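Colleague: Sequence and predicted structure below; questions after.
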Amino acid sequence: WMSSNGMLNQVLNVFGANIHTNHMLDASSYWSIASLSDVWKEAGWGTILYLAVMSQIDPTYYEAAKMDGASKLRQIWSITIPEMKNIIALNLILSVSGLFNSNLDQTLVLMNSQNQPKSEVINSYVYRVGLTQGDFSYATAVGLGVSVISVVLLIITNVITKKLNDNQSVL
């Protein structure tokens, strides 16, 4: 898909771009490719959670709001989002706690010698230093530091979401 004559370049060439680049070897394209593939990978999980919560919202709330003249946007803002605040808080906590823990398998699959300077993340650095260079103590210390930071962020996010839920605020 990303090679010099792959599907992406063919689609761009149909629109007159005339591009023949191997995007996987282009270091400046790494973060765009990694971000898009991560969003694509994670979209299913969030969709399942949000749809499950939305299916449990009582339809009479929407009917009453419609009778009161509420637009679709007002219904979303006043009914859907407040009913989903717990799952929004849960997803926020899970996302923030994993902020520093990048997807190592995705990084290792997308990383190559051409884009390694741009694609290095903390987890791949720990992997490289610990397993390929044999400096286990340093790699363990870096990994432990990342874990401690993640736990601190998890606790802070949990406290903030609890306070917001106690005040009945919309996230």
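Modeller: Ah, there it is. Numbering: from 1, shown residues only.
Colleague: immediately after the strand or helix carrying Gln106, which helix or strand?
Modeller: Secondary structure assigned from DSSP states H and E places Gln106 in helix 104-110. Proceeding C-terminally, helix 104-110 gives way to helix 116-119 as the next helix or strand, assigned by DSSP H and E.
Colleague: and the helix or strand following that next one, how far out from the chain's middle?
Modeller: With elements assigned by DSSP H and E, the helix or strand that comes after helix 116-119 is helix 122-127. Using Cα atoms, centre = their mean, to the nearest Å, we find the averaged C-alpha position of helix 122-127 to lie 19 Å away from the chain's own average C-alpha position.
Colleague: and if you look at stretch 73-81?
Modeller: The mean C-alpha position of stretch 73-81 is separated from the chain mean by 24 Å, Cα atoms, centre = their mean.
Colleague: contacting residues around that stretch?
Modeller: Stretch 73-81 is touched from outside by Met54, Ile57, Tyr61, Tyr62, Ala65, Lys66, Ala70, Ile88, Val170, Leu171, with contacts defined as Cβ atoms under 8 Å, 6 or more residues apart in numbering. Any C-beta I mention is one placed from the backbone N, CA and C, and that applies to glycine too.
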